[in-house]
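*Asks:* Need a 3D model of the sequence below.
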Amino acid sequence: MVEVSPVRTYETPTRLVHGIGALSTLGQEARALGITRPLLATDQGIVKAGLLDGVLNVLRDEGIDPVVFDRVKANPPIELVDEGARFYASERCDGLIGLGGGSSMDTAKGIGVVAVHGGSILDYEYGRAPIARRIPPMIAIPTTAGTGSEVTLWAVITDPDRKIKFNVGGTPNIASWVAVIDPALTVNLPPGVTAGTGMDALAHAVECFTMDYHQPFTDAVALEAIDYVGRWLRRAVEDGHDLEARSHMSMAAMLAGLSYGVDSAGANHAMAQSAGGVHDVPHGDLVGRLLGPVVEFNVPGTPERFARIAQALGKDTRDKTVNQAADLAVEEVYALTEDVNIPTLQSLGFSTDEVPMLAKIAFDDPQTVGNPRELDVGSYEEIWKRAFDTGKP
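*Replies:* Next up is the predicted model:
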């Protein structure tokens, strides 16, 4: 019997401007979108690092008058996004710029959703009210190489009351209009941030290559992202001023973001996003620490795909069976996790006493459905326990 692929769709409305020095085009890109008074969402880390001033100068040189919203914090909560939307309206802004990591770009996207549709960003949790119209013209400028939010059709928001993160989007209407990806903006990232965000990019690519909804285009960009992370993340962590490594990691993040399409990931992100609402920790660290155990669990669900991942990670699979090659992917993910010093769950503040609760909320996360191997709460408990057993003491 011939296997017939189901109907799939792929769409991205984001214009990509990338390369060393790409930031110099920002004013022109904003002008081309008709933006004259953008709300620029960023965080205090970007301000203190001096990156904000350079961006403001590029905009002002083009006659553009930005309004700065610099209150973004990691794992942005509902109230922050809603506050930003009120500020957008009060300042009569006509566009958005997200400058920073995933939190800044997700905040800008969320502000755009509320600015156009009204209400609260909570109203647009995936599965609730539809995002019927496109957000205002938005430019995303990543300063890390991991989330890929500059090109994804999603924003991740924290609900402090429920102690969970939830997704908003799954539609091109939430995507940034332009992504300006300048790897030079990432050279001063500390090694720990470089490692965590890089592992997040790897997790996106691995999960999207193995998820139930994969398709040829997402397969292609996911494999290239995996190849880049495997070859360049260690170098970027070791020497943050290695522009070759930084450039490849910026492209890895972008490609991994594109591998999402309109679909979700799998167990790794179901666990990390739900747990990130319990303890306010860096998303990349949590994703990185969980990725090895999730890959190990998922290999029986699609060994051929994990064998291909092993090849993309640079492992020699000649004279290996499919299962042996897939096991090499597991080994390499674990090795990379330790080589770039991803923190243990214990050091991130998690306890084994929380495993039943963490397993339950992971199972309830909608990303569970994309996983290549069937899961129940017991499966998640197994993966969590394995994750607690990994890492350097």
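*Asks:* so residue 367 touches residue 273, yeah?
*Replies:* Yes: checked against CB atoms under 8 Å, the pair residue 367 and residue 273 is within contact range at 7.1 Å. Every C-beta, even on glycine, is put in place using the N, C-alpha and C of the backbone.
*Asks:* Residue 109 - nearest residue in space that isn't next to it in sequence?
*Replies:* residue 155 (4.1 Å; CB to CB, 6 or more residues apart in numbering).
*Asks:* How much space separates residue 258 from residue 175?
*Replies:* Here the distance between residue 258 and residue 175 works out to 11 Å (CB to CB, to the nearest Å).
*Asks:* which other residues reach the helix or strand bottoming out on mean pLDDT in the chain?
*Replies:* Counting by mean pLDDT, DSSP states H and E, the chain has its least confident helix or strand at strand 164-169, which shows a mean of 93. Identification of contacts with strand 164-169 by CB atoms under 8 Å, 6 or more residues apart in numbering yields 75, 109-110, 113, 121, 124-126, 131, 152-159, 174-175, 264, 273-274, 276-277, 361, 365-367.
*Asks:* and those, which of them are in strands?
*Replies:* Under the assignment DSSP state E, these contribute 154, 155, 156, 157, 158, 159 to strands.
*Asks:* out of those residues, which are buried?
*Replies:* The neighbour-count test (16 or more other CB atoms under 10 Å) marks 154, 155, 156, 157, 158 as buried among these.
*Asks:* Domain map for this structure?
*Replies:* Using automatic domain parsing, the domain parsing of the chain gives 15-186, 191-388.
*Asks:* Can you give me the end-to-end span of the first one?
*Replies:* Read it as domain 15-186. 20 Å (CA to CA, to the nearest Å).
*Asks:* Quick check: beta-bridge partners of the residue nearest to residue 109?
*Replies:* In this structure, residue 155 has beta-bridge partners residue 168, where bridges are defined by DSSP bridges.
*Asks:* residues contacting residue 290?
*Replies:* Contacts here follow CB under 8 Å, 6+ apart; on that basis residue 290 touches 268, 271, 272, 383, 387.
*Asks:* And the pLDDT at it?
*Replies:* On pLDDT, residue 290 comes in at 98.
*Asks:* now the one 5 residues further on
*Replies:* We have a pLDDT of 98 for residue 295.
*Asks:* The residue nearest to residue 109 contacts residue 149, doesn't it?
*Replies:* Yes: with contacts defined as CB under 8 Å, residue 155 counts as touching residue 149 at a distance of 7.3 Å.
*Asks:* intersection of neighbour lists for these two?
*Replies:* Both residue 155 and residue 149 are contacted by 105, 106, 109, under the criterion CB under 8 Å, 6+ apart.
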